[in-house]
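Peer 1: Curious how this folds, go ahead:
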Amino acid sequence: MSIKQLKDINKSYISQTFETTVLMSDIKVKASKNGKRYADLIIQDSSKAMEAKYWDYEENEEFINSLSPEDAINIKAVVGEYQGQIQITIKQIEKANMDNVNIGDLIPTSNWGIDSMKNGLDFFYEKVKSSHMKKLIDRMIFSSDYFKKFSTHPAARQVHHNFYHGLLQHTLEVLKFGYTVATTKKLSERQIERLIVMTMLHDWAKIIEYKALPSVGFTEEGTMLGHIFLGAHTTLNVINEIEDFDQDDKLIILNGILSHHGHLEFGSPVLPKTVEAQILHQADKMSGDIESIMSFMTDQENEEDTFTTKLWNMGTDYYKKGMK
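Peer 2: Sure, this is the predicted structure:
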């Protein structure tokens, strides 16, 4: 059986074998109880990324280790179920003929459109009037050193916006949510400027924390330091290079970046200390949570069950009948 996209796989396919072309974006070698090594893979196409088991790793170790995330592979796999979740077990892997493959068709991508997102970012850029704050985002967002990475990186490994242009889409969502609250509550122009700047920069360091697609996962710096520290540290260094940067703006922007997870137990080293920082935290949480729920429901929309399985990061299942 051949499938068009990974998103088409649902519980009706259980026990069936399928063939398709994917990217192998990550591999982790593990050992079973009997000591035999196997591989947990992340395979992906433009519709989604999925975990897959490959039990024959030892027999094909040299070939598997020769593959890079940019290599398209043809797989033959079986659909199974484990603890209520679909489990893919790969039976055969071979390198695809790259003459017949467009890598862009195998990378999950935002459906917002890059030109539309750039226009959205420009809209908020023009709201920042203070020259010192404008210099900050000019250097960290709009410079040739960073803009391509900022506009193409994912915003997460798995939980939300884990696709090409994902960081940019997430940033725009947070900007829209935050700006709506700020204008509704009649914050001052200076507060709104600071909110826009800290929002643009709150996840900026994910361009350092995460590998560029089609690879999936953390860089060494990301694993060791995390995007909150890396973002605040880089922002402080750039601020210190800008002449006469206002001290209050500096402290408020840095607090916003450091506190955007909202709670110490969720990874922020400090709590939000301003209205702007609290708005950023709530807007960031809303963007991540809603995207996580929507993508989770979409993944399971073709299954017959009335409810999804439990979404681990939200702690509940979701009702699917109202989706259309």
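Peer 1: all contacts plus neighbour counts: C-alpha atoms, from now on.
Peer 2: Fine.
Peer 1: Next, work out how far apart Leu264 and Lys4 are.
Peer 2: Noted for Leu264: a distance of 44 Å to Lys4, by C-alpha to C-alpha, to the nearest Å.
Peer 1: Next: Gly288.
Peer 2: 28 Å.
Peer 1: out of those two, which sits in the more crowded spot?
Peer 2: Neighbour comparison, Gly288 and Lys4: the larger count goes to Gly288, with 18 against 12 (by other C-alpha atoms under 10 Å).
Peer 1: Isn't the more buried one up against Ala155?
Peer 2: No. With contact defined as C-alpha atoms under 8 Å, Gly288 does not reach Ala155; the gap is 9.3 Å.
Peer 1: Between these two, which contacts overlap?
Peer 2: Common contacts of Gly288 and Ala155 (C-alpha atoms under 8 Å, 6 or more residues apart in numbering): 161, 170.
Peer 1: List the single closest residue to Asp105 in space, sequence neighbours excluded.
Peer 2: Ser46 (5.5 Å; C-alpha to C-alpha, 6 or more residues apart in numbering).
Peer 1: Number of residues surrounding the one you found?
Peer 2: Neighbourhood size, Ser46 [other C-alpha under 10 Å]: 20.
Peer 1: Could you confirm it falls within a strand?
Peer 2: No. Ser46 is assigned coil when assessed by DSSP: H, G, I helix; E, B strand; the rest coil, not a strand.
Peer 1: Can you mark which positions in the strand of greatest length in the chain are buried?
Peer 2: Secondary structure assigned by DSSP state E gives strand 17-31 as the longest strand of the chain. Under the neighbour-count criterion of 16 or more other C-alpha atoms under 10 Å, strand 17-31 has 17-27 buried.
Peer 1: same question, stretch 132-150
Peer 2: 132-137, 139-142, 147, 149-150.
Peer 1: show me where pLDDT drops low in the chain?
Peer 2: 158-159 (pLDDT under 70).
Peer 1: which stretches of it form strands?
Peer 2: Secondary structure of the chain (DSSP E): strands at 17-31, 37-44, 49-54, 72-82, 85-95.
Peer 1: how about the helices in this protein?
Peer 2: 61-66, 114-125, 131-140, 147-152, 166-184, 189-202, 206-209, 220-241, 247-258, 275-299 (DSSP state H).
Peer 1: Output the fifth one as CSV, restricted to C-alpha atoms.
Peer 2: Looking back up the chat, that one is helix 166-184. What follows is helix 166-184, C-alpha atoms only, in CSV (Å, rounded to 0.1, in the frame of the first residue of the first chain):
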residue,chain,number,x,y,z
GLY,A,166,7.5,28.2,12.8
LEU,A,167,9.5,30.7,14.9
LEU,A,168,8.3,33.6,12.7
GLN,A,169,4.7,32.5,12.8
HIS,A,170,4.8,32.0,16.6
THR,A,171,6.4,35.4,17.1
LEU,A,172,3.7,37.0,15.0
GLU,A,173,0.9,35.3,16.9
VAL,A,174,2.3,36.5,20.2
LEU,A,175,2.7,40.0,18.8
LYS,A,176,-1.0,40.0,17.6
PHE,A,177,-2.3,38.7,20.9
GLY,A,178,-0.1,41.0,23.0
TYR,A,179,-0.9,44.1,20.9
THR,A,180,-4.6,43.4,21.2
VAL,A,181,-4.4,43.3,25.0
ALA,A,182,-2.1,46.3,25.2
THR,A,183,-4.3,48.5,23.1
THR,A,184,-7.5,47.3,24.8
